[in-house]
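Student: Provided below for reference: sequence and predicted model.
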Amino acid sequence: RMRGRDMFVEESTNDSEWEDFLLASPRGTFYHSSKWKDVIQRSFSHSALYLVIRDANGELVGICPGFVIGSMYTKMYQSIPYSDYGGPLIAEHCIKQASRALLNFLKGFCSKKDIAYAKIRLMDNKLMQSFQSSSGCVDTSTGTVEIDLKSTPSGFIWNKVFSKNTRRRIRVIERDGFQVQEARTKSDLRDFYNLYFENMIY
């Protein structure tokens with residue numbers, strides 16, 4: 001547990017409290033849930049580090065799901081792997097103080113546990129501003145790549161950009177009766193991202 005400016009951060013020990021806060025958060029997704037934590041823990045050897053942020057009265061004002069991921073050479077804290085959504089959910093009225101408390105906790109925790117760095121997904125501009133610091137940088141890219149097929153032929157993308165597994169998955173989808181085609185207009189891409197977002201929310 002670590003305190004800072006009337007806020008303190010500690011590891012979560014109460015799944016029902018976590019889920020209640022998540023359900024009340026407009027930006028909450030399935031990836032923030034304890035169910036996704038179970039999926040990751042059953043599939044990988046990563047150590048869960050699900051953090052809660054409380055105000056001076058002990059009231060829950062934020063949550064941050066994450067895992068310590070180790071490799072041969074280094075360890076990192078990531079919130080949250082294998083998804084496009086995740087990161088802290090913090091009550092609107094205390095974003096700045098809670099973000100600072102979370103940053104301070106992670107700095108101390110990572111130093112003690114020999115964790116090289118933390119990677120946190122931020123889904124909100126206010127959070128991005130609060131997490132700007134001299135010891136970190138915020139990547140403001142959206143994670144969306146648009147490829148101009150006129151200058152990059154689809155054959156090149158299929159053979160050189162897509163992995164063997166991606167090509168195999170597309171062929172399986174086609175065998176199941178679905179049609180796979182290039183996005184031809186920006187509205188095609190918009191439709192795709194809207195559908196993708198709705199599925200993530202679901």
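Tutor: Cool, got the structure. Residues are numbered from 1 along each chain as shown.
Student: use CA for all of it now, contacts and neighbours both
Tutor: Will do.
Student: Can you give me the neighbour number for Ser154?
Tutor: 15 (other C-alpha atoms under 10 Å).
Student: Quick check: it vs Gln181, distance?
Tutor: Going from Ser154 to Gln181 by C-alpha to C-alpha, to the nearest Å gives 10 Å.
Student: Next: Tyr73.
Tutor: 41 Å.
Student: Now the residue nearest to the spatial centre of the chain: phi and psi?
Tutor: Centroid check for the chain by C-alpha atoms, centre = their mean gives Gly86 as the closest residue, at 2.9 Å. Backbone torsions of Gly86, given as degrees, to the nearest 10, read phi 140, psi -160.
Student: residues contacting the residue lying closest to it once chain neighbours are set aside?
Tutor: Distance criterion C-alpha to C-alpha, 6 or more residues apart in numbering; nearest residue to Gly86, sequence neighbours excluded, is Ile80 at 5.2 Å. Residues counted as contacts of Ile80 (C-alpha atoms under 8 Å, 6 or more residues apart in numbering) are Tyr31, Pro65, Gly66, Phe67, Gly86, Gly87, Ile120, Arg121.
Student: check contacts around the residue nearest to the centre of the chain.
Tutor: Thr29, Tyr31, His32, Pro65, Ser79, Ile80, Ile120, Arg121, Leu122, Met123.
Student: now do Asp114
Tutor: Lys75.
Student: Try it again at 10 Å.
Tutor: Thr74, Lys75, Met76 (C-alpha atoms under 10 Å, 6 or more residues apart in numbering).
Student: go on, Asp176?
Tutor: Ile170.
Student: How much space separates it from Arg169?
Tutor: 11 Å.
Student: cool, and Ala98?
Tutor: Taken as C-alpha to C-alpha, the span from Ala98 to Arg169 is 42 Å.
Student: With neighbour numbers in mind, choose between these two.
Tutor: Per other C-alpha under 10 Å, whichever of Ala98 and Arg169 has more neighbours is Ala98, with 31 against 12.
Student: Check what pLDDT the more buried one gets.
Tutor: pLDDT for Ala98: 93.
Student: pLDDT weak spots in the protein?
Tutor: Across the chain, the ranges flagged by pLDDT under 70 are 1-5, 72, 134-151, 202.
Student: quick one, strands of it?
Tutor: For the chain, applying DSSP state E gives strands covering 2-4, 7-11, 47-48, 51-55, 60-64, 67-70, 75-79, 89-90, 117-120.
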